[in-house]
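S.K.: based on what follows, work out the 3D shape:
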Amino acid sequence: MLPSKAPELSASSNSSWAKFAALLGEVVGDEDVDYHGRRCLSPQKGPTPSSDFTTSLDANDVPYELLTPEETNKRWPVFNVPQGVDTVFTPDSGIVHAAKAVMTLQFQARVNGAILGENTCVEAVTPQPSGGIAIETSQGVYHARKVIIAADAWTNKLLKPLGVELPITVTQEQVTYFKPSREHEAQFSNDKFPVWI
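M.R.: The predicted model follows:
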């Protein structure tokens, strides 16, 4: 089962996503956001049944379809979903082009007063007795009222001196791209091939 906070997190992420998608469309153009739906494939006897997804979707009035393997294979013949696997399809999902999304976030951060320190290593985050936080970096020390730590594999290195350690398991992931054969290329176009998990 998903944590009990999943519906609330789902509602928050949907609201945040809607705002970001609108902003992305304003800055780089709607053509850089592809909405063609998402499929979550859930083995009925697996650790994450489809009901984990549908519970959050129902709690937040997010439209979806729960499809059988036959329905899934008929709609998207590129896949061969076996018996015993449910598909949860959400039509309002899609793909944001990563490089342009990052550019948008950087642009908006700068517009709102952020200073982006490219190629700057954060070495320590230290609460100050007088209030606020000192951020020690390879380029000097910065001060802030609050910080958000999103340091990936280095998160615990920054948190440990603060008496916090998260149960993070670092794994190496391999990104692989496959180009479909020319005779099947049309089946993989964005309008015929949704995001899938």
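S.K.: break this structure down into its domains, please.
M.R.: 6-99+174-196, 118-165 (automatic domain parsing).
S.K.: tell me the average confidence for the helix or strand that residue 110 is a member of?
M.R.: For residue 110, the element it lies in under DSSP states H and E is helix 98-111. On average, the pLDDT along helix 98-111 is 86.
S.K.: just give me how far that helix sits from the chain centre.
M.R.: 16 Å (CA atoms, centre = their mean, to the nearest Å).
S.K.: from the centre of this structure, point out the most distant residue.
M.R.: Largest separation from the mean C-alpha position in the chain: residue 130, at 36.5 Å (CA atoms, centre = their mean).
S.K.: count the residues that sit near residue 87.
M.R.: 23 (other CB atoms under 10 Å). Backbone N, C-alpha and C define where each C-beta goes, glycine included.
S.K.: now do the contacts for it.
M.R.: 39-42, 50, 66-69, 71-72, 81 (CB atoms under 8 Å, 6 or more residues apart in numbering).
S.K.: state the pLDDT value of it.
M.R.: Per-residue confidence at residue 87 stands at 94 (pLDDT).
S.K.: re the thing from before, among the contacts of residue 87, which are located in helices?
M.R.: 50, 69, 71-72 (DSSP state H).
S.K.: these: which two are farthest apart?
M.R.: 50 and 71 (13.1 Å; CB to CB).
S.K.: and the two? which has more neighbours close in?
M.R.: Ranked by neighbour count (other CB under 10 Å), residue 50 and residue 71 place residue 50 first, with 20 against 14.
S.K.: quick check: that one touching residue 88?
M.R.: Yes. Counting by CB atoms under 8 Å, residue 88 is a contact partner of residue 50 at 5.2 Å.
S.K.: now list whatever residues contact both of those two.
M.R.: With CB under 8 Å, 6+ apart as the test, residue 50 and residue 88 both reach 40, 42, 66.
S.K.: can you pick the most crowded of the residues you listed?
M.R.: Among the shared contacts of residue 50 and residue 88, residue 42 has the most neighbours (other CB under 10 Å), with 22 neighbours.
S.K.: could you export the ones in helices among the contacts of residue 87 as JSON lines, including pLDDT and distance to residue 119?
M.R.: Output for these, formatted as JSON lines (pLDDT from 0 to 100; distance: CB to CB, whole Å):
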{"residue": "50", "pLDDT": "91", "distance to residue 119": "44"}
{"residue": "69", "pLDDT": "95", "distance to residue 119": "49"}
{"residue": "71", "pLDDT": "96", "distance to residue 119": "50"}
{"residue": "72", "pLDDT": "93", "distance to residue 119": "45"}
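S.K.: brilliant, that's me finished.
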